[in-house]
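**Q** the following comprises the amino acid sequence and a computationally predicted model.
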2 protein chains.
Amino acid sequence: MNFSSKLLENAVEEFGRLPGIGKKTALRLVLHLLKQPDGEVQRFVQSLTTLKEQIQYCRECYNISDEAVCEICQSVKRDKTTICVVEDTRDVMAIENTNQYQGVYHVLGGLISPMEGVGPSDLKIEGLLERIRRGDVKEVILALSATMEGDTTIFYLYRKLKEFDIQITTIARGIAFGGELEYVDEITLGRSILTRVPYERNVG
Amino acid sequence: MNFSSKLLENAVEEFGRLPGIGKKTALRLVLHLLKQPDGEVQRFVQSLTTLKEQIQYCRECYNISDEAVCEICQSVKRDKTTICVVEDTRDVMAIENTNQYQGVYHVLGGLISPMEGVGPSDLKIEGLLERIRRGDVKEVILALSATMEGDTTIFYLYRKLKEFDIQITTIARGIAFGGELEYVDEITLGRSILTRVPYERNVG
């Protein structure tokens, strides 16, 4: 691209580094911000700076938090004996949105991925074991993505967790609700036949 | 969405204000930036702040520029007698990328759009007339989008410009190069038959 301004080119390059943002989109976003009043841009920039400077990670579950211990871990309404292990804070938000879960979380901060150089020691696994060692935990739910990295991480965690006297579960896999059978991929369909459940359980 | 952090929510809201960026994308971008080292985020923020503070608009053509007069208007290689009128700096970049134009530009900063409350006085039209009054201009090319707003603006400019002793042209409209006839919309196809040109002109 033929930029008429080095400053513009710089800003577009920075925006273009964001995941999923190409050069053209980056240019559109930067030009949009350039058209906004000074105050708007300042607020945009300030929100990022403040976030980066003041953000904390809950010392219990490692979820993003404004305080040393997050709201969920602080809440007396949550069942501390059940820990749902997830990859990152987006998964916590997704599960919270379902209103189906009353336990607490543990945010790993990633998945084991030899391809990307992420090993078990890069994840918050020791913190999870520590919480279990303290003794109140009865169940650990492994709610990780149904990908190679997710499966690898589940396998690793399972070997670590089975030494404890707790129940280890994973979230159900199968046909999504509303999913039409003929469009479901072969592996999911095949597995969902093999792991079929009594009718009463799926209605409950 | 159920944010665990007010700071995170703020930053996501600011990103979500950008055009074409929904809440989910905004969250993905903010979490990506949060994972980056402090220096990276600072550089991102700095590039925007510097751009906003130091950017100038060329006093000749109103294109975005790092100096009072932009590189194109400064260049002795450019033909100052031909002015190409465009909507914004992205159009300048697009035309520059073709390497087919040796004249100078005039950036209107928008198009006339009653729907969005943009009138002629919001655009840099007076500056254009001023440049023509100074006397060197021989041709004005109206290179605006083939939309309702573009056509309205072309019509308005044409009425203002026809008082001067200059040639007024618009960029050619028709079937795009590489375009398959059967997929071209009816209006373009119909118009391109009506405005057909001698074979020799299109090969040249």
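**A** Here it is on my side, so go on.
**Q** could I get the full set of strands for chain A?
**A** A:56-57, A:64-65, A:79-86, A:103-107, A:139-142, A:167-170 (DSSP state E).
**Q** among these, which is nearest chain B?
**A** Closest to chain B of the strands of chain A, according to Cβ to the nearest Cβ: strand A:64-65, at 5.0 Å. Bear in mind the C-beta positions are built from the backbone N, C-alpha and C, glycine included.
**Q** neighbouring strands of the closest one in the sheet, and parallel or not?
**A** As defined by DSSP bridges, the strand partners of strand A:64-65 come to strand A:56-57 (antiparallel).
**Q** so what touches the partner strand?
**A** Identification of contacts with strand A:56-57 by Cβ atoms under 8 Å, 6 or more residues apart in numbering or on different chains yields A:63-68, A:107.
**Q** and the strands of chain A as CSV, adding mean pLDDT, distance to A:R133 and mean neighbour count?
**A** Converted to CSV, the strands of chain A look like this (pLDDT from 0 to 100; distance: least, Cβ to Cβ, whole Å; neighbours: other Cβ atoms under 10 Å in any protein chain shown):
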stretch, mean pLDDT, distance to A:R133, mean neighbour count
strand A:56-57, 92, 20, 16
strand A:64-65, 92, 23, 24
strand A:79-86, 96, 13, 19
strand A:103-107, 96, 13, 24
strand A:139-142, 94, 13, 20
strand A:167-170, 93, 15, 14
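**Q** quick one, what contacts the spatially most central residue of chain A?
**A** With distances taken as Cα atoms, centre = their mean, A:D88 lies nearest the centre of chain A, 2.5 Å away. By Cβ under 8 Å, 6+ apart, the contact list for A:D88 reads A:107-110, B:31.
**Q** between which two of these is the distance greatest?
**A** Maximum pairwise distance in the contacts of A:D88, criterion Cβ to Cβ, is 14.1 Å, between A:L108 and B:L31.
**Q** related to what we said a few turns ago, which among the contacts of A:D88 end up buried?
**A** Buried positions within these, assessed by neighbour count (16 or more other Cβ atoms under 10 Å in any protein chain shown), are A:107-110, B:31.
**Q** closest one to A:K24 out of those, please.
**A** Taking Cβ to Cβ as the measure, B:L31 is the one of these closest to A:K24, at 23.2 Å.
**Q** enumerate every residue touching the closest one.
**A** Listed by Cβ under 8 Å, 6+ apart, the contact set of B:L31 reads A:88-90.
**Q** let's see which of those residues end up in helices.
**A** Secondary structure defined by DSSP state H assigns A:89-90 of the contacts of B:L31 to helices.
**Q** got a list of contacts for the longest helix along chain A?
**A** The longest helix of chain A (DSSP H) is helix A:38-54. Residues from elsewhere that reach helix A:38-54 (Cβ under 8 Å, 6+ apart): A:33, A:66, B:7-8, B:10-11, B:13-15, B:17, B:30, B:33-34, B:38, B:41, B:44-45, B:48-49, B:52.
**Q** the helices in chain A, which residues?
**A** A:6-16, A:23-35, A:38-54, A:71-74, A:89-98, A:125-133, A:148-161, A:186-194, A:199-203.
**Q** give the buried residues for stretch A:40-57.
**A** A:41, A:44-45, A:47-49, A:51-52, A:57.
**Q** columns distance to B:A172 on top of those, output as TSV?
**A** What follows is these, written out as TSV (distance: Cβ to Cβ, whole Å):
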residue	distance to B:A172
A:V41	38
A:F44	40
A:V45	43
A:S47	46
A:L48	44
A:T49	48
A:L51	49
A:K52	50
A:Y57	59
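**Q** could you single out the nearest of those to B:G119?
**A** Nearest member of the buried residues of stretch A:40-57 to B:G119, counting by Cβ to Cβ, is A:V41, at 25.1 Å.
**Q** domains of chain A?
**A** Here the domain assignment for chain A is A:6-54, A:78-170, A:174-204, based on automatic domain parsing.
**Q** what's the closest of the ones you listed to B:G190?
**A** If you check each of the domains of chain A against B:G190 by Cβ to Cβ, domain A:6-54 wins as the nearest, at 30.6 Å.
**Q** right, I'll leave it there.
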